[in-house]
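A.B. asks: Based on what follows, work out the 3D shape:
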Amino acid sequence: MGTRESMERGGAVPELVLWDIDHTLMATRGLGRELWAQAFEEVTGVAMREQASVTGSTERVILRETARLHGLPYSDALFESFASALGTAHIRRAAELRERGHALPGTATVLACLQEQGVRQTVVTGNVRAAAEVKVAVFGLDGYLRLQDGAYAEDGEERPELLRAALARASTPPDAAVFLGDTPADVAGGKGAGVRVIAVATGRTSADELREAGAELVLEDLADTKRVLSAIG
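C.D. replies: Below is the predicted model of the structure:
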């Protein structure tokens, strides 16, 4: 972890806090891959033998690369069918997601505190929108998030594009927003969109690797509410 001075440097409270979902707000404990494979087979007719790397990627990119691994053609129409199937799979198995997954420690408290401060919050995620909405709802986080202002896999392929979409929907300039994510792609995305990034080492990338990726500020997790809020602003 970085020094206490860098972790708690604080500053002006942002107008908008943007959250990545998977491994930043929650963990699905393997169910996400199962649902993905289910949707893939439904729309392609081919059982998924392997999946392209998911860390920091959007569903559109993952689908295109996974289709390629199976010798299948990719198209926008395929993505649209897949997005619908994946969203439906999440809706149908929402109860199982609640049982198997969990919000990460400190998440709900931080979101609640920011809401009390009048800070707007939304998500920027590689998930398709329907799946993202189910995920935050089953863990009781949706009440803190303006999901209509978020950005999802339907909005583009790369993080900078998604961040710019969310900022436009929320009518917020980049320098008035903060983005929290757990991957080097999140760090690069924030830099590309001109948004300050707080990296959280709750995913598959270590704190040191996130710093090497260029993160100015890295939190080990969201459990220390005071420290997280100070880092955000």
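
A.B. asks: ok, how many other residues are close to R33?
C.D. replies: 13 (other C-beta atoms under 10 Å). The C-beta positions use only the backbone N, C-alpha and C, and glycine is treated the same way.

A.B. asks: Is it part of a helix or strand, or is it coil?
C.D. replies: helix (DSSP: H, G, I helix; E, B strand; the rest coil).

A.B. asks: With V178 instead?
C.D. replies: Reduced to three states by three-state DSSP, V178 is strand.

A.B. asks: Tell me which residues are up against whatever helix or strand Q38 lives in.
C.D. replies: Per DSSP states H and E, Q38 falls inside helix 31-44. Applying C-beta atoms under 8 Å, 6 or more residues apart in numbering, the contact partners of helix 31-44 are 22, 46-48, 51, 54, 62-63, 66-67, 70, 72, 78, 81-82, 85-86, 88-90, 93, 96-97, 100-101, 131.

A.B. asks: Who are the packing partners of the following helix or strand past it?
C.D. replies: Using DSSP H and E, the helix or strand that follows helix 31-44 in sequence is helix 59-69. Here helix 59-69 touches helix 31-44, helix 76-92, going by 3 or more C-beta pairs under 8 Å, 6 or more residues apart in numbering; DSSP states H and E.

A.B. asks: As a markdown table, those with mean pLDDT and distance to T202 would be great.
C.D. replies: Output for these, formatted as a markdown table (pLDDT from 0 to 100; distance: least, C-beta to C-beta, whole Å):
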| stretch | mean pLDDT | distance to T202 |
| --- | --- | --- |
| helix 31-44 | 96 | 15 |
| helix 76-92 | 97 | 21 |
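
A.B. asks: No further queries at this time; thank you.
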